[in-house]
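Colleague: Mind folding the following:
(one chain, ligands or ions: 1)
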Amino acid sequence: MTTTRFAPSPTGFIHVGNLRTALMNYLIARKSGGTFILRIDDTDPERSKEEYVDALKKDLEWLGLHWDRVERQSLRLDRYADAADSLRKIGRFYEAFETPTELDLKRKKQLNMGKPPVYDRAALLMGDVEREVIRAERGRGVWRFKLELQRIEWEDGILGEISIDSASVSDPVLIRQDGQVLYTIASVVDDMDMGITDVVRGSDHVTNTATQIQMIEALGGIVPHFAHHSLLTGPQGESLSKRLGTLALRDLRESGVQPMALLSMMARLGSSDPIELRSNMDELISGFEINHFGSAPTKFDETDLLPLTGKYLQMLPFSEVQDNIYALGVPVEMAELFWLVMRDNIETLGDLESWWKLCRDGAEPVIEEGDAEFVAKAMILLPDGPFTSETWGTWTTAVKVATGNKGRQLFMPLRKALTGQTHGPDMASFMPLLQVVKARV
Ligand code: GLU
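Modeller: Below is the predicted model of the structure:
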């Protein structure tokens with residue numbers, strides 16, 4: 001039974017980078033009929049905020065990434081303490097007392113000598129008496145997991161064969177001096193207890209994975225399948241880390257991006273499969289293959305989201321958007337027509353507002369100097385409203401006869417005079433929506 005989890009730390013609003021992780025885990029679970037767990041990694045009481053938990057749930061719900069259950073690390077501290085005891089019992093957990101400054105100094109020395117800056121395990125050489133003395137002096141130390149010196153290997157679902165020499169990694173600190181349990185061990189205990197079979201996360205976790213594999217083995221658990229996706233960059237390959245704050249899901253939602261547009265993009269971006277707009281989650285699930293993703297950094301350009309959103313809206317029937325249309329004040333009798341005409345001319349639902357204003361109040365006409373006479377003549381021929389779907393055809397025929405203008409010379413000045421724009425809806429369908437023609441005078 002496949003079980004995956006999305007495990008955000010509620011220390012900020014989640015962004016497109018987090019979404020990639022959430023979505024991959026979600027799709028794997030759903031594709032195999034398994035379980036998708038939302039795990040809140042809130043072991044840091046200072047930085048974790050309820051506001052962020054609520055916000056990330058809202059973001060996932062907006063996208064339709066429904067979870068089967070929620071787990072919270074802050075409610076499982078006893079389990080982590082048990083695991084720490086087990087590691088102590090088997091001699092894989094030790095207390096170390098170096099201050100951050102001392103560690104820094106050690107690292108600098110190692111680097112100067114051309115050695116990797118790996119913790120030297122000085123604490124392991126201390127005798128019991130020495131340990132008591134230093135504890136009396138400095139208080140509690142941190143607790144480190146003692147890695148076994150060997151190569152740690154796994155077949156990564158995205159990166160392929162991975163082999164990491166544990167001698168190049170410091171024994172990870174699992175409990176801080178103030179007693180706070182750190183994510184590295186909490187995550188291992190959770191993955192074991194919750195029967196997680198597949199872990200997909202960012203490639204910034206590769207070293208964590210190496211140490212966690214040893215922890216799982218030390219605790220007698222089953223190592224899940226790991227896959228590490230590449231990190232997102234901007235369109236030019238630039239780092240996104242500073243900009244991720246502005247790519248929060250809530251901001252994308254507010255800017256009018258549609259869930260299916262975002263999901264269609266993020267479920268395929270960085271894979272060998274093309275990004276195509278999908279109309280529902282089932283299509284995304286069935287076509288999802290984790291091993292189609294590559295290890296190279298993945299370019300993300302948020303400007304691609306609006307055209308995809310526009311495409312999605314073009315497929316929507318009136319019934320799905322009627323509330324938005326009525327909220328603008330569009331009269332019932334023209335609401336459906338308004339939607340059918342406008343949906344091809346918008347990128348987001350927010351664009352409808354200016355189109356409705358234009359229909360209701362008339363557009364500021366755009367009339368080129370050379371067209372003034374032609375437009376004035378045409379306006380005299382324009383019948384009184386309300387207009388119908390016939391109006392444009394009969395009117396432009398009459399204008400053509402009266403002025404001799406045809407083709408672009410006939411249609412473009414009239415479009416600009418009535419809509420103030422060079423592009424826009426099919427004019428025959430648009431005319432019945434137009435309540436006021438400002439270019440008449
Ligand atoms: N809370 C961790 C993070 O957000 C979870 C990593 C993991 O998936 O194990 O980076």
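Colleague: Any idea which residue of the stretch 301-441 of the chain lies closest to the ligand?
Modeller: The stretch 301-441 of the chain approaches the ligand most closely through residue 302 (21.4 Å), counting by CB to the nearest ligand atom. Bear in mind the C-beta positions are built from the backbone N, C-alpha and C, glycine included.
Colleague: neighbours around that residue, how many?
Modeller: Neighbours of residue 302 under the rule other CB atoms under 10 Å: 18.
Colleague: and it, what does it touch?
Modeller: Contacts for residue 302 were tallied using CB atoms under 8 Å, 6 or more residues apart in numbering; they are 16, 247, 252.
Colleague: State the distance from it to residue 353.
Modeller: 22 Å (CB to CB, to the nearest Å).
Colleague: So for the host helix or strand of residue 412, mean pLDDT?
Modeller: Assessed by DSSP states H and E, residue 412 sits inside helix 407-419. Average pLDDT, helix 407-419: 96.
Colleague: quick revisit: out of the contacts of residue 302, which is most surrounded?
Modeller: residue 252 (24 neighbours).
Colleague: and that residue, backbone torsions?
Modeller: Dihedral pair for residue 252: phi -60, psi -40, per degrees, to the nearest 10.
Colleague: okay, now residue 277: neighbour count?
Modeller: For residue 277, the count of nearby residues is 19 (other CB under 10 Å).
Colleague: That one belongs to a strand, doesn't it?
Modeller: No. Under DSSP: H, G, I helix; E, B strand; the rest coil, residue 277 falls outside any strand and is assigned coil.
Colleague: From what I see, it and residue 264 are in contact.
Modeller: Yes. In this structure, residue 277 is within contact of residue 264 by CB atoms under 8 Å, at 5.0 Å.
Colleague: Read off the pLDDT value for the residue of the stretch 301-441 of the chain closest to the ligand.
Modeller: For residue 302, the predicted pLDDT is 92.
Colleague: Distance from stretch 172-185 to the middle of the chain?
Modeller: Here stretch 172-185 is found 29 Å from its chain centre; the criterion is CA atoms, centre = their mean, to the nearest Å.
Colleague: ok, and what's touching that stretch?
Modeller: Contacts for stretch 172-185 (CB under 8 Å, 6+ apart): 9, 41, 43-45, 73, 77, 80-81, 83-84, 87, 93, 96, 139-145, 147, 208, 211-212, 215.
Colleague: What residues sit buried inside it?
Modeller: For stretch 172-185, a neighbour-count test (16 or more other CB atoms under 10 Å) marks 172, 173, 174, 175, 177, 181, 182, 183, 184, 185 as buried.
Colleague: Next: stretch 328-336.
Modeller: Neighbour count says stretch 328-336 has 328, 330, 334, 335, 336 buried, by 16+ other CB under 10 Å.
Colleague: picking that back up, closest to the ligand out of the buried residues of stretch 172-185?
Modeller: For these, the nearest to the ligand is residue 183 (5.6 Å; CB to the nearest ligand atom).
Colleague: Check which helix or strand the closest residue to residue 49 other than its chain neighbours maps to.
Modeller: Leaving out its chain neighbours, the residue that sits closest to residue 49 by CB to CB, 6 or more residues apart in numbering is residue 10, at 6.0 Å. Using DSSP H and E, residue 10 falls within no helix or strand.
Colleague: what's the distance between residue 10 and the ligand?
Modeller: 9 Å (CB to the nearest ligand atom, to the nearest Å).
Colleague: With residue 54 instead?
Modeller: According to CB to the nearest ligand atom, residue 54 and the ligand sit 17 Å apart.
Colleague: which strands and helices sit next to the strand or helix carrying that residue?
Modeller: For residue 54, the host element (DSSP H and E) is helix 50-63. In terms of contacts (3 or more CB pairs under 8 Å, 6 or more residues apart in numbering; DSSP states H and E), helix 50-63 is packed against helix 16-31, strand 35-40, helix 249-254, helix 259-266.
Colleague: Could you point out the helix or strand that follows that helix?
Modeller: Where DSSP H and E defines the elements, the next helix or strand beyond helix 50-63 is strand 69-72.
Colleague: Need the residues that contact that next one.
Modeller: By CB under 8 Å, 6+ apart, strand 69-72 touches 5, 35, 37, 38, 39, 40, 42, 190, 194.
Colleague: Quick check, pLDDT for the third one.
Modeller: At residue 37 the predicted local confidence, pLDDT, stands at 98.
Colleague: Spatially, what comes nearest to it if we skip its sequence neighbours?
Modeller: Spatial nearest neighbour of residue 37, chain neighbours left out: residue 5 (4.1 Å); criterion: CB to CB, 6+ apart.
Colleague: quick one, what contacts the one you found?
Modeller: Going by CB under 8 Å, 6+ apart, residue 5 touches 25, 36, 37, 38, 39, 71, 190, 191, 194, 196, 199.
Colleague: Which element, helix or strand, includes it?
Modeller: Judged by DSSP H and E, residue 5 forms part of strand 3-6.
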